[in-house]
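*Asks:* Provided below are the primary sequence and the corresponding predicted coordinates.
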Amino acid sequence: MQGNVYMLAGPGGNVALQVGDDGILVVDSMGIGTGEQLLGLIREISEQPIRFLINTHAHPDHVGGNTLIARAGSSIAGGNIGRTIADVYESARIIAHENVLVAMSTSDDPVPFEAWPTDTYFTDLKDLYFNGEALQILHQPAAHTDGDSIVFFRRSDVIATGDIFLTTSYPYIDRDAGGSFQGIIDALNRILRLTVPADRQEGGTMIIPGHGRLCDEADLVEYRDMLTIIRDRIRYFVEQEMSLEEVRDAHPTLDYDGRYGTNSGTWTTDRFVEAIYEELRQSVTDDS
């Protein structure tokens, strides 16, 4: 991409890779069963030791390879609480917001202990300096989940967003995990404040979405504006006291469905509209 950051695209989502003299830093680890393929791609780029693995959230398609990637690495510092001294130096440190650890350690579908974060943070921001570059790991509350992290490679001018930003579908709002639609819009606005475009609004800060193609600021603006328009349409319908079925029949997402909508899978367009409707209905009720 640019600087010393790579983007690896796969069936389990996108991975950001920072490579330098200090070793390798990985952002997300794809899904279960893709770890070997991911590790092979990493080794095609560099044989340096994997030192850090950052998880942007706790969903399986982004943490499924944690155990394999961490075991393939080695740590140069502490922070692996609960492991033996040998384990500390024989695995990479896994960094995430503390809500990711809570989600993984209390999941109904057990996540291996070795895949859990070993270095958590609970503040708005965690700083890390690695390979001669300052990184900022920014917690974005109540967005895709309650544990989302945005990773900003400052010298390379690259941002990894996790599933806050996608180019393949409408955003998944995991309300059971503390996510919210307004939180996603807030997160996109926060990312936009970090981005600077280059010539004719193309290039400049590069953005790695959770799924989909490499993007720049213009792509992010288009996505943010699309979600804002859909929100305002549904808010108007809610204020008119329309039912969910009436809102669906009004097709508030129609002009964007060709690119982002779907009627199959677990996150359909109807479920997306329902999630926004329920959130806005609660908001209007609270305001009144």
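*Replies:* Received the coordinates, thanks.

*Asks:* For the chain, which residues score under the pLDDT cut-off?
*Replies:* Low-confidence regions of the chain, defined by pLDDT under 70, span residues 76-89, 287-288.

*Asks:* Looking at it, which helix is longest?
*Replies:* Secondary structure of the chain read by DSSP state H shows that its longest helix is helix 217-239.

*Asks:* And it, what does it pack against?
*Replies:* strand 158-166, helix 181-194, strand 206-211, helix 244-249, helix 254-260, helix 269-287 (3 or more C-beta pairs under 8 Å, 6 or more residues apart in numbering; DSSP states H and E). C-beta here means a position set from N, CA and C on the backbone, and glycine is covered the same way.

*Asks:* so it versus strand 206-211, what angle?
*Replies:* If you take axes from the mean of the first three to the mean of the last three C-alpha atoms, to 10 degrees, helix 217-239 sits at 50 degrees to strand 206-211.

*Asks:* Please point out which parts of helix 217-239 sit buried.
*Replies:* The neighbour-count check on helix 217-239 (16 or more other C-beta atoms under 10 Å) flags 217, 219-220, 223-224, 226-227, 230-231, 233-235, 237-238 as buried.

*Asks:* Can you show me the helices along the stretch 1-150 of the chain?
*Replies:* In the stretch 1-150 of the chain, helices defined by DSSP state H, counting those that start in this stretch lie at 35-45, 60-63, 66-71, 85-89, 98-105, listed in chain order.

*Asks:* Show residues contacting the second one.
*Replies:* Meaning helix 60-63. 12-13, 28-32, 55-56, 100, 104, 109, 111, 115, 162-163, 210 (C-beta atoms under 8 Å, 6 or more residues apart in numbering).

*Asks:* likewise the last one?
*Replies:* In this structure, residues lying in contact with helix 98-105 by C-beta under 8 Å, 6+ apart are 55, 57-58, 63, 111, 115-117, 120-122, 145-147, 149, 177-178.

*Asks:* The first one now?
*Replies:* Outside of helix 35-45, the residues that reach it under the criterion C-beta under 8 Å, 6+ apart are 6, 8, 10, 15, 17, 19, 24, 26, 29-30, 50, 64-65, 67-69, 72.

*Asks:* Any chance of the buried residues of helix 217-239 in TSV with distance to R259 as columns?
*Replies:* Listed next are the buried residues of helix 217-239 as TSV, based on distance: C-beta to C-beta, whole Å:
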residue	distance to R259
E217	19
D219	12
L220	15
Y223	10
R224	15
M226	9
L227	13
I230	13
R231	17
R233	17
I234	18
R235	22
F237	22
V238	25
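
*Asks:* Of the residues you listed, which is the nearest to N189?
*Replies:* R224 (6.7 Å; C-beta to C-beta).

*Asks:* residue contacts, that closest one?
*Replies:* With C-beta under 8 Å, 6+ apart, R224 has these contacts: I185, L188, N189, L192.

*Asks:* now do R155
*Replies:* G3, G132, E133, A134.

*Asks:* top of those by neighbour count?
*Replies:* Using other C-beta atoms under 10 Å as the neighbour criterion, E133 leads the contacts of R155 with 19 neighbours.

*Asks:* tell me which residues form a beta bridge with that one?
*Replies:* F130 (DSSP bridges).

*Asks:* how near is it to I150?
*Replies:* E133 sits 16 Å away from I150, going by C-beta to C-beta, to the nearest Å.

*Asks:* Measure how buried T106 is and give me the count.
*Replies:* Using other C-beta under 10 Å, the number of residues around T106 comes to 9.

*Asks:* ok, now the one 5 residues further on?
*Replies:* Number of residues near V111 (other C-beta under 10 Å) recorded here: 19.

*Asks:* ok, now F181?
*Replies:* When neighbours are counted by other C-beta under 10 Å, F181 comes out with 24.

*Asks:* what sits against it?
*Replies:* P171, I173, L227, R231, A275, I276, E279, L280.

*Asks:* and the second one, helix, strand or coil?
*Replies:* What it means is I173. Assigned with DSSP: H, G, I helix; E, B strand; the rest coil, I173 falls in the coil class.

*Asks:* I'd say it and S180 touch.
*Replies:* Yes - using C-beta atoms under 8 Å, I173 is in contact with S180, at 6.6 Å.

*Asks:* Neighbour count: these two, which is higher?
*Replies:* I173 (25 against 22).

*Asks:* Quickly note the distance from the residue most central in space within the chain to E36.
*Replies:* Centroid-nearest residue in the chain, with C-alpha atoms, centre = their mean: G162, separated by 1.5 Å. As judged by C-beta to C-beta, G162 and E36 stand 23 Å apart.

*Asks:* Right, I'll leave it there.
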